[in-house]
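1. show me how the following folds:
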Amino acid sequence: MADYVLAIDQGTTSTRAIVFTKSGEIHSVGQKEHEQIFPRAGWVEHDPAEIWQNTKEVIGIALGKGGVGNDELAAIGITNQRETAVVWDKNTGEAVYNAIVWQDTRTDKVVADLAGEEGADRYKHICGLPLATYFSGPKVKWILDNVEGAREKAEAGDLLFGNTDSWTVWNLTGGTEGGVHVTDVTNASRTMLMDLQSLSWSEQVASDMGIPLSMLPEIRSSAEVYGESTKLHVPIAGILGDQQAATFGQACFEKGMSKNTYGTGNFMLLNTGTEIVPSENGLLTTVCYKIGDQDAVYALEGSIAVTGSLVQWLRDNIGLISDAPEIERLATQVDDNGGCYIVPAFSGLFAPYWKDDARGAIVGLTRYVNKNHIARAALESTAFQTREVSDAMNADSGVELTELRVDGGMVANETLMQFQADILGVDVVRPKVAETTALGAAYAAGIAVGFFSGEQDVIDNWEEGQRWSPTMKDAERDRLYRQWKKAVTKTFDWVDEDAEAAEEAAEEAESA
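-> Residues are numbered from 1 along each chain as shown. This is a model prediction of the structure:
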C-alpha cells in the first residue's frame, strides 16, 4: 500500500528529493548541489547532465534514508527552477549547450531586437510578460543562433526544448527510449511562448523568435498522470514551477491570498482566481496552477533576481562571512544599517523595474560603516525589494496586503523576518513545514492519483509555525523606505555600449 509521495525539487543551486507523508510532513530527504558556471559577466549556466545525474542520486538517497520501497510511493511530483532553458538532441539525449539559467542576461540584444519600436510590452497581451532576459524563449533563440548546427537540427525536428521540469520528466520516463516530452501550464507560462487565454503555444511569438514548434513540449495541467518512471515504476503525476508549487503548498487557494518565497531570488505571488489580471505596475501575469480538467487559476507575480544569492556572493566572492548563518550573527551586532544600502542588481533589476542595464551598488558608505552594517544592509535589501513588489501588487489588485505567508531557506533568519514585518507593516507568517515548494509538487501529484482528496487536504494540513508582527514606527518605516528608493536609482543605466565592450575585452584578456 502506498504511504508516501516523492517530490523532486530541481532548484537553482541544488536538486532535492523529499519523501512526504499523507499529513504533509517530511519523511526523508536527499540533496546534492550542482556547479554554477559563469563563463562571462552576466552569463549563468548549469550542466544538464550533472543535474540529471544528481536527480538519480538524490532519489536513491531519499528512499534509502527513509527505508521507502517503490511500492510505497503513490506518485512523483516535479518542481523546478523556472525559465532555465535546456535544449537537447532527442536522438542522443545530450544537451546541445549548457542550460541557460533564469538569472542570465546574455539575451539583452535579442530582447532589444524583438522589442523594436513596439517596446518591451510587445507580447504582453499574449503571454502576460514583458520582453526580458529572464524568460526562456529568448534563451532558446540564442542557442539556435549561436550553437553550431543547432538551428539545422531544430528545423529537422531533432531538438527538444524545455525548462528543467521537461528535461527531468523526459529522462525519468525513458529518455531516448520513449521519454515523455511534456510541461505544465505554470512552466509554459514562463517561456513567453504560451498564450495565457488558450493555454497553448503562440505560433506568432514562436515564429518571431525563430523557434520551431516541434521543439516545444506538450502543455498539460499541473496535476495529472504524464507517464511512469521507468526505474521506479511509479506514476509522475504533478508538475509545478517552483514558485507556483510554493503557492500551492502554502494553501493559497483563495483569490487575494499571497505568499513570498525567499531563495536564490524572491518571488511573491498573489492569487487572482480564474481572472487574468494585466499588470500596470511592473508585475508578471502568470498561471498559478491548473488541477486536471478544472479551470486554470492565475496570479500576479513579483520576481526579484537576487536575495539569497547576495548572501552567497558575500560568502564566496567577498569573503565577508564563512557560512550563510553568519550573516545574521553579524547583523545582530548593530541596531541599524548605519546608513548603508545594498542594491543587488547583479542581473539587472527585475520587478517592478525591469531594467537589464542596471548593476549592483553599495551606497551611503561612511567611515562609520563596518562589516556588521554591510551584513545588515544585505538582509534588509531582501525586505525592501519585497516591499516594492507588495506595493505594486496592492496597486494592481486593489487589495491591501493583510498578512504575508513566507517560505524558503531565508525564512530561518529571524532578524530578516522581523525587519520584513516592520517594513511591510503587516504580519509575516512562516508555516510549520517550510519546504513548501517540494510539498506543493507532492500535493499536486497526490491529488492526481487520489492519494490526497483535493485542495481541502492541503488546507487542513497547513499549520502556522511562527508569526512576526511589526514593531517599527510609521515615520521610521517611511524614512528607511525613502532612502532605499533613492539607492535603487543609483543602479540605473549602468551598462552602455562602451562599458559592455570593456567588459568583453577584460574577459578575453583573462582567458587568453
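
2. from here on, just use CA atoms for contacts and neighbour counts.
-> OK.

3. give me the number of residues near Ile126?
-> Counted with other C-alpha atoms under 10 Å, residues neighbouring Ile126 total 18.

4. ok, it touching Thr191?
-> No: the criterion here is C-alpha atoms under 8 Å, and Ile126 misses it with Thr191 at 11.7 Å.

5. poorly predicted segments of the stretch 351-500 of the chain, please.
-> Regions of the stretch 351-500 of the chain meeting the criterion pLDDT under 70 cover residues 497-500.

6. tell me where it has helices.
-> 371-397, 414-424, 436-448, 455-461, 474-489, 497-511 (DSSP state H, counting those that start in this stretch).

7. the ones you listed: which one's closest to Gly256?
-> When the helices of the stretch 351-500 of the chain are compared by C-alpha to C-alpha, helix 371-397 sits nearest Gly256, at 8.3 Å.

8. show me what that closest one is packed up against.
-> Contacts defined by 3 or more C-alpha pairs under 8 Å, 6 or more residues apart in numbering; DSSP states H and E place helix 371-397 against strand 266-273, strand 297-304, helix 326-331, strand 341-343, helix 414-424.

9. and the fourth one, what does it pack onto?
-> The helices and strands touching strand 341-343, judged by 3+ C-alpha pairs under 8 Å, 6+ apart, are strand 361-363, helix 371-397, helix 474-489.

10. tell me which of those is the most buried.
-> helix 371-397 (a mean of 22; mean count of other C-alpha atoms under 10 Å).

11. specify the angle between that helix and helix 414-424 in degrees.
-> 40 degrees (axes from the mean of the first three to the mean of the last three C-alpha atoms, to 10 degrees).

12. so how far is helix 371-397 off the chain centroid?
-> Distance, stretch centre to chain centre, for helix 371-397: 17 Å (C-alpha atoms, centre = their mean, to the nearest Å).

13. quick one on the thing from earlier: in a markdown table, list the helices and strands packed on helix 371-397 along with distance to Tyr353.
-> What follows is the helices and strands packed on helix 371-397, written out as a markdown table (distance: least, C-alpha to C-alpha, whole Å):
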| stretch | distance to Tyr353 |
| --- | --- |
| strand 266-273 | 15 |
| strand 297-304 | 10 |
| helix 326-331 | 27 |
| strand 341-343 | 13 |
| helix 414-424 | 19 |
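
14. out of those, flag the one nearest Thr15.
-> Closest among those, using C-alpha to C-alpha: strand 266-273, at 18.3 Å.

15. give me the nearest residue to Asp356, chain neighbours excluded.
-> Leaving out its chain neighbours, the residue that sits closest to Asp356 by C-alpha to C-alpha, 6 or more residues apart in numbering is Gly348, at 4.4 Å.

16. my bad, should have said Glu388
-> Pro352 (7.1 Å).

17. which residues are contacting stretch 191-210?
-> 83, 114, 123, 126-129, 131, 135-138, 141, 185, 188-189, 212-213, 219, 276, 286-287 (C-alpha atoms under 8 Å, 6 or more residues apart in numbering).

18. do the same with stretch 4-12
-> By C-alpha under 8 Å, 6+ apart, stretch 4-12 touches 15-22, 51, 55, 59, 72-81, 101, 164-165, 242, 264, 437-439, 441-442, 445-446.

19. in helices, which of those residues fall?
-> 51, 55, 59, 164-165, 242, 437-439, 441-442, 445-446 (DSSP state H).

20. low-confidence bits of the stretch 201-350 of the chain, can you list those?
-> Using pLDDT under 70, nothing in the stretch 201-350 of the chain is flagged.

21. in it, which spans are strands?
-> 218-220, 223-228, 235-241, 258-262, 266-273, 284-289, 297-304, 341-343 (DSSP state E, counting those that start in this stretch).

22. buried deepest among these, which one?
-> strand 235-241 (a mean of 31).

23. okay, that strand in PDB with CA atoms only?
-> Provided in PDB are the C-alpha atoms of strand 235-241 (Å, rounded to 0.1, in the frame of the first residue of the first chain):
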ATOM      1  CA  PRO A 235       3.400   7.500 -11.900                       C
ATOM      2  CA  ILE A 236       4.700  11.000 -12.500                       C
ATOM      3  CA  ALA A 237       1.600  13.000 -11.700                       C
ATOM      4  CA  GLY A 238       2.400  16.600 -10.800                       C
ATOM      5  CA  ILE A 239       4.400  19.400 -12.300                       C
ATOM      6  CA  LEU A 240       4.600  22.900 -10.900                       C
ATOM      7  CA  GLY A 241       7.200  25.700 -11.400                       C
END
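
24. quick one: contacts of that strand?
-> 74-82, 165, 169, 183-184, 186-187, 221-229, 289, 440-446, 448-449.

25. mind listing the strands that strand pairs with, and their directions?
-> Sheet pairing of strand 235-241 (DSSP bridges) gives strand 73-80 (parallel), strand 223-228 (antiparallel).

26. nearest to Thr402 among those strands would be which one?
-> strand 73-80 (28.1 Å).

27. average pLDDT for that closest one?
-> On average, the pLDDT along strand 73-80 is 96.

28. after it, which helix or strand is next?
-> The first helix or strand that comes after strand 73-80 along the chain, using DSSP states H and E, is strand 86-89.

29. if I look at Phe384, how far off is Val180?
-> 42 Å (C-alpha to C-alpha, to the nearest Å).

30. now swap in Arg190 and tell me
-> Following C-alpha to C-alpha, the distance that separates Arg190 from Val180 is 20 Å.

31. and the two? Which one has more around it.
-> Arg190 (25 against 22).

32. can I get the helices and strands packed on strand 341-343 in JSON lines including distance to Val426?
-> JSON lines is the format used below for the helices and strands packed on strand 341-343 (distance: least, C-alpha to C-alpha, whole Å):
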{"stretch": "strand 361-363", "distance to Val426": "27"}
{"stretch": "helix 371-397", "distance to Val426": "11"}
{"stretch": "helix 474-489", "distance to Val426": "12"}
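
33. between those, which gets nearest to Gln36?
-> helix 371-397 (21.3 Å).

34. got the angle for that closest one vs helix 474-489?
-> 90 degrees.

35. for the residue nearest to Asp356, give the beta-bridge partners.
-> Under the criterion used here (DSSP bridges), Gly348 is bridged to Phe346.

36. that one: neighbouring residues, count only.
-> Neighbour tally, Gly348, other C-alpha under 10 Å: 28.

37. and for Phe161?
-> Count around Phe161 with other C-alpha under 10 Å applied: 27.

38. if anything else comes up later, I'll come back, but that's it for now.
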